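> how would this look folded up:
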Amino acid sequence: GDGLVFVSDSSRARILVLDAGGQVQRAFGSTAELGRPTGICWDPRGQRLLVIDTTGCRLLAFDALGHCLQQVGERGDLPGQFNYPTNLALAADGRVFVVDSLNFRVQILDAALRPVSTFGSVGRGPGSFANPKGVAIDSDGQVYVVDSMFDNVQIFAASGQLLLPFGSHGSLLGELQLPSGICIDGEDRIFVADGGNARVHIFR
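Numbering: from 1, shown residues only. Next comes the predicted model:
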């Protein structure tokens with residue numbers, strides 16, 4: 001709300017805080033605290049920054065000044081455990097959706113970061129995952145998951161029911177190669193980081 005931008009600097013294991021003009025205001029974190037920070041999300045209700053530590057297989061919560069408030073998770077495939085998670089998204093009701101990449105699932109946590117449920121499994125067909133990366137949630141609460149191996153985006157109901165996949169391999173309009181990130185704005189426009197094509201795709 002104050003225009004600050006938080007950036008996960010993965011190789012340096014720290015979080016940069018930029019002002020609206022892109023100037024660095026401060027940084028926090030270290031290799032002792034964060035193995036490889038990747039996915040990041042500001043929680044306005046809890047006034048906290050949620051950070052995925054991929055190599056640490058955990059989720060951490062920081063206040064705006066960088067003080068660690070909470071950390072959850074360890075490597076594994078049980079509820080509340082992760083296997084190289086990559087990204088996360090925050091639902092309007094406070095639930096946190098984590099892309100648990102090498103468990104080939106999306107894990108749902110409540111606002112207190114306790115495990116609630118999961119959906120997805122390894123496979124080649126619709127509704128399954130090969131290399132899930134990015135996740136975003138639209139204004140209707142539908143969950144969009146980018147899979148960089150399938151070169152597509154799959155839309156799920158919050159319950160985990162598959163609604164629609166879109167995108168296919170290629171370089172034409174609407175086609176993707178190794179997509180990784182996704183963001184949905186206030187108008188429900190869908191921005192997909194189309195890594196292999198070195199571009200950003202915009203869908204409605």
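> which pLDDT value belongs to residue 33?
At residue 33, the predicted lDDT confidence score is 86.
> distance of it relative to residue 60?
Distance from residue 33 to residue 60, counting by Cβ to Cβ, to the nearest Å: 8 Å. The C-beta positions use only the backbone N, C-alpha and C, and glycine is treated the same way.
> neighbour-wise, which of those two wins?
Taking residue 33 and residue 60 together and counting by other Cβ atoms under 10 Å, residue 60 has the greater number of neighbours (23 against 19).
> in three-state terms, label the residue in the chain sticking out farthest from the centre for me.
Computed with Cα atoms, centre = their mean, the maximum C-alpha offset from the centroid of the chain is found at residue 172, amounting to 25.7 Å. For residue 172, the reduced secondary structure class is coil; criterion used: DSSP: H, G, I helix; E, B strand; the rest coil.
> and it, backbone torsions?
Listed backbone geometry of residue 172 is phi -80, psi 170, with angles given as degrees, to the nearest 10.
> low-confidence ranges, the protein, go.
Under the criterion pLDDT under 70, no range of the chain is flagged.
> look up how far residue 140 lies from residue 156.
For residue 156, the distance to residue 140 - Cβ to Cβ - is 12 Å.
> okay, the two: which has more neighbours?
Taking other Cβ under 10 Å, residue 156 and residue 140 do not tie; residue 156 has more neighbours (22 against 9).
> hang on, isn't the more buried one packed against residue 142?
Yes - under the criterion of Cβ atoms under 8 Å, residue 156 lies in contact with residue 142, with a separation of 6.8 Å.
> give me the common contacts of these two.
Common neighbours of residue 156 and residue 142, using Cβ atoms under 8 Å, 6 or more residues apart in numbering, are residue 163.
> mind listing what residue 136 touches?
By Cβ under 8 Å, 6+ apart, the residues touching residue 136 are 89, 143-144, 182-184, 190.
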